[in-house]
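# Predicted model and sequence follow; I will ask about them next.
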Protein chains: 2
Amino acid sequence: MRRIYLDHAATTPIDGRALAKMRPYFSEKYGNAGSLHYFGTEAKKAMENARAEIARAINAEPNEIIFTSGGTESDNLAIKGIAYANSKNGNHIITSVFEHHAVLHTCKFLEKDGFKVTYLEVDSRGFINPKELESAITEKTILVSVMHANNEIGTIQPIGEIGKICRERGIYFHTDAVQTLGKIQIDVKKMNIDLLSASAHKFYGPKGVGFLYVRKGTNIHPLMHGGGQENGLRSGTENVAGIIGMAEALKISIKEMGKENARELKLRNKLIKGCLKIKDSWLNGSLKNRLAGNANLGFDFVEGESIVIMLDEKGIAASTGSACSTKSLEPSHVLRAIGLPHVKCHGSLRLTLGRDTTTKDIDYLLNVLPAIIARLREMSPLRKGIDISEFEGKIEHTHEGHAH
Amino acid sequence: MRRIYLDHAATTPIDGRALAKMRPYFSEKYGNAGSLHYFGTEAKKAMENARAEIARAINAEPNEIIFTSGGTESDNLAIKGIAYANSKNGNHIITSVFEHHAVLHTCKFLEKDGFKVTYLEVDSRGFINPKELESAITEKTILVSVMHANNEIGTIQPIGEIGKICRERGIYFHTDAVQTLGKIQIDVKKMNIDLLSASAHKFYGPKGVGFLYVRKGTNIHPLMHGGGQENGLRSGTENVAGIIGMAEALKISIKEMGKENARELKLRNKLIKGCLKIKDSWLNGSLKNRLAGNANLGFDFVEGESIVIMLDEKGIAASTGSACSTKSLEPSHVLRAIGLPHVKCHGSLRLTLGRDTTTKDIDYLLNVLPAIIARLREMSPLRKGIDISEFEGKIEHTHEGHAH
């Protein structure tokens, strides 16, 4: 069966060129980067080259790059690390209602530990208003955390503007750039970013590795204690092969960014246009300032999960939203945030394109999707003609009873 | 130049068979284990097979295995996770003075946060006395953390006895088994272990992946918040390839354990015997209950770091102790713990054997080491005939001035 992967926001394959760079570091150049001898210095040197490469990519200094196990650890380290290190100066954090769960759940955790968190709303297209951010700042605000682009609907926030506001007020600014690094040019200096989270497997690097950019002079505590690696900010034997793969994957992504974005954008727009021909469908989020590869569509009277399952039977890999929340019975907090009614949040389909996506793939999807939606609508208790508002309560109840 | 690697306690190469198992999961079977579609379930299935394999290896249940980024994270998760989840029942933790820094520094951190920690002493051979542990327990004790085998001197603690004491008192028992898993048979049920830390790269698996065994019903908090992976105990996209490599490497290690231990033991004893022929030398730790591949030797009047550097010039990779503390100017806390005078702690050489170690390697080492020690002693201000006790203060001072 021919398989089409349209879930690149969840994860990507390792680029063959990045994998080739990693290969010697598995079983040949296997030294611990902390060892003094030949094997250790060989590993250390390669790791430091990778660090310099990554720093260059975002206009940072090498010693501002802290290697981690991925985006979630980076977000946790950034937010908890800043909160605990700066609690004497204040206990207020500002974020948005539609951040990734790695940010939201970390903030919820901090709320239980005495911190106050303001969750900024987004407008119906998925954008934060920097003016609202500005008025949310108090004397006790120590950190603002706003993601660069949303993982579900792909809207790109005005983080340059937000960074400027934060820098002027002397407040740390963290951005989760997991969805954008390698897709949008990032300059941490120009954008006034103090902390930036990234994850290799989102830009054709390996899973299990990421980094946190921490601007020089930032007052931050570690999340993990131990051998004192990464300037004491992240203990643990460094994942040398993973780090090397990440650096190479990032270099390639940035080099090919312009061409690839243009290619994906064209395909993505064709995809959206085709999907919107289906009756009672809509695009979640804005077409402007949106990741080139992201499409997030809604279809009345059907559940996103059912669409995903039926597409999978046709060989197409898609998702309803974040892969991290697959098991959750809750509707997408992102779609709720842009003001979709509860019942409509369940009908979302996220299609995210990548380097391997072809016109043929999009044609195939557009060929099979209408019949799937029609079939699901036939089976749906929410099918057209029934006033869905009546069902809201019942639908929620049904959901709670589901054995997912 | 022929290279001989005698630093297997720091890290090991990935076993070719484990790497072969990982390979398809880099760029072909690259799904996010959280995704509902074919690619996701393919990854998930392989990951769950790995989990079951690992559980079997230590007589645990699959859902008691929590994947992490390595030993340090596992130690942090275990100790902080238990401390914060059980602080209502008590604030007292018992550990030993010569744990890995991932345990010690985590405990030091908790002390600043209101917890009380008792650091058990070890005897001159490097063993904890379970009776002392027993008398250190108070009504407020919530956790005991004692490593299975020490990373510097290889002494194996009586963790079965310790586990029994803890279970009888209803206190959680955590063991850092980073140095032993794959080298000593572990049965978490028989040994009454509640939490066990492991790291793949110590048993010929990849760097950047490990696990924490958490006994069913254990009250523990996560260290990282986010998508809720690993039963909510460890958020973050799972490192599928790494996990698969870890499971395979562990399976192989356990299968070949008996034969490999016997082989290494023979070589190691030959090594120790040979080294002790050098005048004014000694073995740190006990020969009994010691990891088969571990030798840790002391040489009067010389610095371990200088030995490591000169051995490296001869193509031999060795260490003074933990790779994690290479940069530290402090003498080994482990050697201090077994009662070595300060000045003697600087003269240690750790040689740790592995699968690739041959008789020829040992012969070569024994051939070059005496001349290195002699040469260093010639250059040493601590050379024989001078009362070294007079120098203690000065030596420390000299160390602080070193540009490492």
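Cool, got the structure.

# Give me the nearest residue to A:G71, chain neighbours excluded.
Nearest non-adjacent residue to A:G71, counting by C-beta to C-beta, 6 or more residues apart in numbering or on different chains: A:S199, 3.4 Å away. Bear in mind the C-beta positions are built from the backbone N, C-alpha and C, glycine included.

# Test my guess that that neighbour contacts A:S74.
Yes. Contact criterion C-beta atoms under 8 Å: A:S199 and A:S74 qualify, at 7.2 Å.

# which neighbours do these two share?
A:G210 (C-beta atoms under 8 Å, 6 or more residues apart in numbering or on different chains).

# Looking at the two, which is more packed in?
A:S74 (33 against 30; other C-beta atoms under 10 Å in any protein chain shown).

# wait, what's in contact with the more buried one?
Here A:S74 is in contact with A:68, A:176, A:197-199, A:210-212 (C-beta under 8 Å, 6+ apart).

# Where does the closest residue to it other than its chain neighbours sit: helix, strand or coil?
Of all residues not flanking A:S74 in the chain, A:S197 sits nearest, at 3.5 Å (C-beta to C-beta, 6+ apart). At A:S197 the chain is in strand, as set by DSSP: H, G, I helix; E, B strand; the rest coil.

# And A:S197, how far from A:L212?
Distance of A:S197 to A:L212, computed by C-beta to C-beta, to the nearest Å: 6 Å.

# Tell me which of these two has more neighbours.
Neighbours were counted for A:S197 and for A:L212 using other C-beta under 10 Å; A:S197 has more, 31 against 27.

# tell me the contacts of the residue nearest to A:S74?
A:S197 neighbours (C-beta under 8 Å, 6+ apart): A:71, A:74-75, A:78, A:102, A:174-178, A:210-212.

# now swap in A:S145 and tell me
Counting by C-beta under 8 Å, 6+ apart, A:S145 makes contact with A:75, A:78-79, A:93-95, A:99, A:103, A:107, A:173-176.

# Quick check, pLDDT for it.
Predicted confidence (pLDDT) for A:S145: 98.

# what sits opposite the residue nearest to A:S74 in the beta ladder?
Beta-bridge pairing for A:S197 (DSSP bridges): A:D176, A:L212.

# Now do the same for it: its pLDDT.
At A:S197, pLDDT is 98.

# Quick one: find the helix or strand in chain A with the lowest mean pLDDT.
Lowest by mean pLDDT, DSSP states H and E among the helices and strands of chain A is helix A:392-401, with a mean of 35.

# Contact residues of the stretch 51-200 of chain A facing chain B?
Selection of the stretch 51-200 of chain A residues close to chain B by C-beta under 8 Å from any C-beta of the partner chain yields A:68-73, A:75-76, A:100-102, A:105-106, A:108-109, A:199.

# Tell me which of those residues fall in helices.
Judged by DSSP state H, these include A:71-73, A:75-76, A:101-102, A:105-106, A:108-109 as members of helices.

# hmm, back to that, now, which of the contacts of A:S74 sits nearest B:L297?
Taking C-beta to C-beta as the measure, B:L297 lies nearest A:T68 of the contacts of A:S74, at 36.6 Å.

# for that closest one, what are its contacts?
Here A:T68 is in contact with A:74, A:77, A:209-212, A:234, B:69 (criterion: C-beta under 8 Å, 6+ apart).

# That one bridge partners, please.
A:G210.

# how does chain A divide up, domain by domain?
Under automatic domain parsing, the residue ranges defining each domain of chain A are A:4-8+A:258-400, A:16-253.

# right, is stretch A:308-317 up against chain B?
Yes. Judged by C-beta under 8 Å from any C-beta, stretch A:308-317 comes into contact with chain B at A:308-309, A:311-312, A:315-317.

# of these, buried ones?
Those of the residues of stretch A:308-317 next to chain B that meet the buried threshold are A:308, A:311-312, A:315-317, by 16 or more other C-beta atoms under 10 Å in any protein chain shown.

# Can you name the two of the residues you listed that sit furthest apart?
A:V308 and A:G315 (12.6 Å).

# And the strands in the stretch 301-404 of chain A?
Assigned by DSSP state E, counting those that start in this stretch, the stretch 301-404 of chain A shows strands spanning A:316-317, A:348-352.

# ok now the first one, how far from the chain's centre?
Put plainly, it is strand A:316-317. Computed by C-alpha atoms, centre = their mean, to the nearest Å, the chain-centroid distance of strand A:316-317 equals 20 Å.

# mind listing what that strand pairs with, with the direction of each?
Using DSSP bridges, strand A:316-317 pairs in its sheet with strand A:4-5 (parallel).

# could you give the mean pLDDT of the strand it pairs with?
98.

# after the longest helix out of those in chain A comes which helix or strand?
Taking DSSP H as the criterion, chain A has its longest helix at helix A:240-275. Using DSSP states H and E, the helix or strand that follows helix A:240-275 in sequence is strand A:281-283.

# Quick one: the strands in the stretch 51-200 of chain A, in order.
Under DSSP E, counting those that start in this stretch, the stretch 51-200 of chain A gives strands at A:65-68, A:92-96, A:116-120, A:141-145, A:172-176, A:195-199.

# just the ones you listed: most buried one?
Mean neighbours per residue, mean count of other C-beta atoms under 10 Å in any protein chain shown, is largest over those for strand A:195-199, with a mean of 30.

# gap between that strand and the chain center?
Centre-to-centre, strand A:195-199 and its host chain are 10 Å apart (C-alpha atoms, centre = their mean).

# now stretch A:59-75
Worked out by C-alpha atoms, centre = their mean, stretch A:59-75 lies 15 Å from the chain centre.

# in that stretch, what counts as buried?
For stretch A:59-75, burial by neighbour count (16+ other C-beta under 10 Å) applies to A:60, A:64-75.

# residues touching A:H105, list them.
B:225-226, B:228, B:235.

# can you do 6 Å?
Contacts for A:H105 (C-beta atoms under 6 Å, 6 or more residues apart in numbering or on different chains) come out as B:225-226.

# send the alpha carbons of stretch A:4-17 over as CSV?
Extracted C-alpha coordinates of stretch A:4-17, given in CSV (Å, rounded to 0.1, in the frame of the first residue of the first chain):
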residue,chain,number,x,y,z
ILE,A,4,1.3,9.3,2.2
TYR,A,5,2.6,11.2,5.3
LEU,A,6,0.8,14.4,5.9
ASP,A,7,1.7,14.8,9.6
HIS,A,8,5.1,16.6,9.5
ALA,A,9,4.1,18.8,12.4
ALA,A,10,4.1,15.7,14.6
THR,A,11,7.5,14.5,13.5
THR,A,12,9.7,14.1,10.4
PRO,A,13,12.1,11.4,9.1
ILE,A,14,15.8,12.1,9.8
ASP,A,15,17.4,13.6,6.7
GLY,A,16,19.7,11.1,5.1
ARG,A,17,22.6,13.7,5.1
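
# which residues sit against that stretch?
Stretch A:4-17 is contacted by residues A:151, A:201, A:204, A:206, A:249, A:252, A:293, A:315-319, A:323, A:351-352, A:354, A:361, B:26-27, B:30, B:32, B:35 when judged by C-beta under 6 Å, 6+ apart.

# Just the ones of those residues in helices?
Per DSSP H, those map to helices at A:249, A:252, A:361, B:26-27.

# Tell me the one among those residues nearest to A:A18.
A:A249 (4.0 Å).

# pretty sure the closest one contacts A:Y204?
Yes. A:A249 is within contact range of A:Y204, at 4.7 Å (criterion: C-beta atoms under 6 Å).
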